[in-house]
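# here is the input, now give the coordinates:
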Amino acid sequence: MSIRIQRFDEHLRMPWKNGLGITREVISRPASDGAGGFDWRISLATVGTSGPFSVFAGFDRTIAVLQGDGMQLTVDGRREPPLLMASPPFAFSGDSEVHADCLGGETLDLNVMSRRGFFVHHMTKIGVSAAQTLSVSKDTVAVVFQGDARVTIDSLRSDVGLGDIMISEQVPFEFTVEPRAADCTLYSIEVTTALERASGPEPVA
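Okay, here's the model as predicted:
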């Protein structure tokens, strides 16, 4: 089983597309060559000042706050509810004009982007209050940790913290997570091709 835990300090640092900040790229496909071209990407960004988001035309985006006071987003002129650590993931179009107003100090956020019409992504927030075993679906590409925890996968055991990410090239699998802090949350990220999503069974109401 090819599973690795990529630590926060190991993520690839690169400037924002608009030059106003720094992003830590976790994983992208195709792998980043420094030119910014990708079909889907998972990244972490530190937002310290209010300002515009970069425009990524043709992409769908989802964002979640991992740490900090959060921010207020205005998307195409519409003021959204505050995006806080307690908020669910927020999905929006990369084509949109987005302005972020910081609600305090620095905010660390999790971002997922996928090229519309080619890939579809989904981010799920999972609260962990006690040790439990979680199943990872065949579409899961990463599990992002927000709080301190201990992870066990077969004989592999590792302590994880804020911004550490478990990446697997082989799924599905199961792992046990044991919280090491009062507030332990993780985010499961799934990516599928648009063709696979379109050819799947129709949802039942």
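
# and residue 9, which of the three is it?
helix (DSSP: H, G, I helix; E, B strand; the rest coil).

# could you check how far it is from residue 165?
Applying Cβ to Cβ, to the nearest Å, the value for residue 9 to residue 165 is 12 Å. Placement of C-beta: from N, CA and C, glycine included.

# comparing these two, which shows the higher neighbour count?
Neighbours per residue (other Cβ atoms under 10 Å) separate residue 9 from residue 165, with residue 165 holding more: 25 against 9.

# what does the pLDDT read for the more buried one?
Residue 165 is assigned a predicted lDDT (pLDDT) of 93.

# quick check: it touching residue 5?
Yes - contact status for residue 165 versus residue 5: in contact at 7.1 Å, counting by Cβ atoms under 8 Å.

# surely residue 174 and residue 135 touch.
Yes - if you go by Cβ under 8 Å, residue 174 and residue 135 touch, sitting 5.2 Å apart.

# and the nearest residue to residue 40 once chain neighbours are set aside, what element?
Spatial nearest neighbour of residue 40, excluding adjacent residues (Cβ to Cβ, 6 or more residues apart in numbering): residue 114 at 4.1 Å. Under the criterion of DSSP states H and E, residue 114 resides in strand 107-115.

# can you dump the C-alpha atoms of the helix or strand just after that strand in CSV for me?
Counting by DSSP H and E, the element after strand 107-115 in chain order, helix or strand, is strand 119-128. Extracted C-alpha coordinates of strand 119-128, given in CSV (Å, rounded to 0.1, in the frame of the first residue of the first chain):
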residue,chain,number,x,y,z
PHE,A,119,-12.5,16.5,-13.1
VAL,A,120,-15.0,16.8,-10.1
HIS,A,121,-13.9,17.1,-6.5
HIS,A,122,-15.6,16.9,-3.2
MET,A,123,-14.4,17.9,0.3
THR,A,124,-16.0,16.4,3.4
LYS,A,125,-15.4,17.7,6.9
ILE,A,126,-15.3,15.1,9.7
GLY,A,127,-15.2,15.8,13.4
VAL,A,128,-13.4,13.2,15.5
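
# run through who's touching strand 119-128.
By Cβ atoms under 8 Å, 6 or more residues apart in numbering, the residues outside strand 119-128 that reach it are 39-40, 60, 62, 64, 88-89, 91, 110, 112-114, 134, 147, 149, 177, 179, 184-194, 197.

# direction included, what does it pair up with?
strand 184-193 (antiparallel) (DSSP bridges).

# in the strand it pairs with, what's buried?
Under the neighbour-count criterion of 16 or more other Cβ atoms under 10 Å, strand 184-193 has 184-192 buried.
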